[in-house]
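A.B. asks: Sequence and predicted structure below; questions after.
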Amino acid sequence: MTYQSSIVKIDRKAIGGKRPISIQSMTTTNTMDTSATANQIIELANAGCDFVRVTTQNIKEAENLKNIKSEIKKQGIDIPLIADVHYNPKVAEVAAEFAEKVRINPGNYINNNKLYSSITTFDDVEEYKEIEQNLMPLLVKCSNYGTAIRIGVNHGSLSNRILCKYGNTSLGMVESIMEFVEICHKNEFSNLVLSLKASNVIVMIEANILLVNKLNEKGFSYPIHLGVTEAGSGEDGRIKSAAGIGYLLAHGIGDTIRVSLTEDPIKEVPVARKLVKYYGRKENQVHQIIKEITRFHKSLFDVSLPVVVTSGISKLADLSVETNQIFTKQQANDNYLSVSKLSYNGIPNNELIIRATVDTSINVINEKIDGIWIDNKDVTSPDNLAKLSLDILQVLGKRITKTEFIACPTCGRSSINVIDQLKQIKEQTSHLPGLKIAIMGCAVNGPGEMADAHYGYVGSGKGKVNIYKGKRIIHKNVSQEIALDLLIKLIKENGDWINQP
């Protein structure tokens, strides 16, 4: 199985019942600032969040969860908290006393300093024993306090042993999480939520489908949390999140979701609510769109497939039907392109972005389609429809026409202002089609999640940045005031820069 392998078949027997779909977001405050964190939790709860995740980096932050819960209850809010723990298993054990759920990363329960040259250099049995030994104190603590555990595996943060066996793949993600599921099952701990996330939409979709099928094989049924990591900001972030989360929801997969935007977390909630509203386990939900397959003669196109069609004049589209007058109903054959048309009855643009993205992803992933045609009657301009079409195709890896930005949603671990830095980097580098640039707030997810990027801009300390070329650090701990200039210089030195038109 390769990084961009095709979507595997869903085994619907594994899809777990009619659990309600819950919405989650995450605080961006300093967890030791009780008032600020409590106020943000209350704001998110009032916006419609069902759970709020809180950065929990050390024992003091874990202990302060008690004060945060007390503060929000004083103000009449009783919302479950999720302690987001990385690196230190002892922190998770303390957090389990105060949070309703603890999020852990499997990579933190094994000695990841070991290097493996081949699968013959280690013994899985011994590795499992070590994982179980390290995990047992948390299972005991969570059993005593009734605390759930979310096992969260991110693409780009797999252990060295898993990477050696499976590579940085969807299958590797599934095998990593299943080791922990098996240990929990063996020790009769079932209060689990499972999460497989990636910044690459296709990897994220594939990993979750593989997980559902694997759980079915084992006879297990656990809630699944969905999210596309480092989705970015603006329409790009919404499109990327909708393509991954929406596709899976439309096929009955997912129990909790988080839309990760590099914006104020309050802005994540309306997007998540739309996804749940339109794709959250409704009968025949996938088919509740007006869709038709139309045919165009291949000689009309001298562009990369899939083509983009609009009903009116657009300088961005490959074909504007209104002006060219070449629509044909002829039967498909080798001389014709098959174009999927999705028609909406004049819905608002913020709703169109979500629905057209999910509906297109369903069509493009599930069927052999040569092009897409999104029509939103009398509301959205042809140029905006063409731009949306191209953006969706880019997220699905079908046609690359712009720079891709992989940016974390920021949290209490961030050592730089990711929102501001992303804005500045976008202003300077959005004209570099095909280039992937990662902007990450800290070293927890940064180096791993940006591994697929051509260039990385990762917070390394307060106001400090590491700049990467691929996985290699080129500039270390530079001031963020000069970091953007150094990034642009690096891009130019490697021949990836083009002058803006």
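C.D. replies: Looks like it arrived, so ask away. Residues are numbered from 1 along each chain as shown.
A.B. asks: Could you list the buried residues of stretch 151-171?
C.D. replies: If you call a residue buried by 16 or more other C-beta atoms under 10 Å, then stretch 151-171 has these buried ones: 151-162, 164-166, 168-171. Where C-beta positions appear, they are placed from N, C-alpha and C, glycine not excepted.
A.B. asks: Which of those residues fall in strands?
C.D. replies: Those of the buried residues of stretch 151-171 mapping onto strands are 151-154, per DSSP state E.
A.B. asks: which one of these is nearest residue 258?
C.D. replies: Using C-beta to C-beta, residue 152 comes nearest to residue 258 of those, at 10.8 Å.
A.B. asks: per-residue pLDDT, the closest one?
C.D. replies: Residue 152 is assigned a pLDDT of 93 by the prediction.
A.B. asks: Tell me which residues touch it, please.
C.D. replies: If a contact means C-beta atoms under 8 Å, 6 or more residues apart in numbering, then residue 152 has 103-105, 195, 197, 225 as its contacts.
A.B. asks: CSV please, covering those and showing neighbour count.
C.D. replies: What follows is the contacts of residue 152, written out as CSV (neighbours: other C-beta atoms under 10 Å):
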residue, neighbour count
103, 24
104, 22
105, 25
195, 22
197, 26
225, 25
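A.B. asks: quick revisit: reformat the ones in strands among the buried residues of stretch 151-171 into CSV and put distance to residue 83 next to each item.
C.D. replies: What follows is these, written out as CSV (distance: C-beta to C-beta, whole Å):
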residue, distance to residue 83
151, 14
152, 12
153, 17
154, 17
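A.B. asks: of these, closest to residue 456?
C.D. replies: Using C-beta to C-beta, those come closest to residue 456 at residue 154, 15.4 Å.
A.B. asks: Report whether the expected contact of the closest one with residue 229 is present.
C.D. replies: Yes: counting by C-beta atoms under 8 Å, residue 229 is a contact partner of residue 154 at 5.9 Å.
A.B. asks: show me where pLDDT drops low in this structure?
C.D. replies: Counting by pLDDT under 70, the chain shows low-confidence ranges at 1-19, 111-123, 281-303, 322-335, 443-446, 448-449, 451.
A.B. asks: so where's the longest helix in it?
C.D. replies: Taking DSSP state H as the criterion, the chain has its longest helix at helix 124-145.
A.B. asks: could you show me where the helices are in the stretch 1-150 of the chain, in order?
C.D. replies: Secondary structure of the stretch 1-150 of the chain (DSSP state H, counting those that start in this stretch): helices at 34-47, 59-74, 89-95, 124-145.
A.B. asks: which one of the ones you listed is the most hemmed in?
C.D. replies: Highest mean neighbour count among the helices of the stretch 1-150 of the chain (mean count of other C-beta atoms under 10 Å): helix 89-95, with a mean of 22.
A.B. asks: if we can go back for a sec, now, which of the contacts of residue 152 sits nearest residue 94?
C.D. replies: Nearest member of these to residue 94, counting by C-beta to C-beta, is residue 104, at 12.8 Å.
A.B. asks: I'd like the distance from stretch 391-405 to the chain centre, please.
C.D. replies: With C-alpha atoms, centre = their mean, to the nearest Å as the basis, stretch 391-405 stands 15 Å off its chain's centre.
A.B. asks: And for stretch 231-239?
C.D. replies: 10 Å.
A.B. asks: for stretch 26-46, same thing?
C.D. replies: When C-alpha coordinates are averaged (C-alpha atoms, centre = their mean), stretch 26-46 and its chain have centres 22 Å apart.
A.B. asks: Tell me which residues touch residue 190, please.
C.D. replies: Shown in contact with residue 190 (C-beta under 8 Å, 6+ apart): 184, 222.
A.B. asks: Quickly find the element holding it.
C.D. replies: Taking DSSP states H and E as the definition, residue 190 sits outside all helices and strands.
A.B. asks: give me phi/psi at it?
C.D. replies: The phi and psi values for residue 190, taken as degrees, to the nearest 10, are phi -120, psi 0.
A.B. asks: now it: how far from residue 499?
C.D. replies: Using C-beta to C-beta, to the nearest Å, one obtains 58 Å as the distance from residue 190 to residue 499.
A.B. asks: what secondary structure does residue 393 sit in?
C.D. replies: At residue 393 the chain is in helix, as set by DSSP: H, G, I helix; E, B strand; the rest coil.
A.B. asks: just residue 197 next, same as before
C.D. replies: Following three-state DSSP, residue 197 is assigned to strand.
A.B. asks: And the helices in the stretch 351-500 of the chain?
C.D. replies: Ranges of helices in the stretch 351-500 of the chain, per DSSP H, counting those that start in this stretch, are 382-395, 418-429, 446-449, 480-493.
A.B. asks: need those in CSV with distance to residue 60 and mean neighbour count, can you?
C.D. replies: Formatted as CSV, the helices of the stretch 351-500 of the chain follow (distance: least, C-beta to C-beta, whole Å; neighbours: other C-beta atoms under 10 Å):
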stretch, distance to residue 60, mean neighbour count
helix 382-395, 40, 22
helix 418-429, 24, 18
helix 446-449, 23, 22
helix 480-493, 27, 16
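A.B. asks: Out of those, which is closest to residue 265?
C.D. replies: Closest among the helices of the stretch 351-500 of the chain, using C-beta to C-beta: helix 418-429, at 10.8 Å.
A.B. asks: That closest one to helix 480-493, inter-axis angle?
C.D. replies: Orientation check (axes from the mean of the first three to the mean of the last three C-alpha atoms, to 10 degrees): helix 418-429 against helix 480-493 gives 30 degrees.
A.B. asks: by contact count, what packs against helix 418-429?
C.D. replies: Contact analysis of helix 418-429 by 3 or more C-beta pairs under 8 Å, 6 or more residues apart in numbering; DSSP states H and E lists strand 404-407, strand 436-440, strand 455-461, helix 480-493 as its packing neighbours.
A.B. asks: relative to strand 455-461, how tilted is the second one?
C.D. replies: The reference is to strand 436-440. Going by the same axes, to 10 degrees, strand 436-440 is angled at 10 degrees with respect to strand 455-461.
A.B. asks: Ends of stretch 395-408, what's the gap?
C.D. replies: Start and end residues of stretch 395-408 are separated by 16 Å (C-alpha to C-alpha, to the nearest Å).
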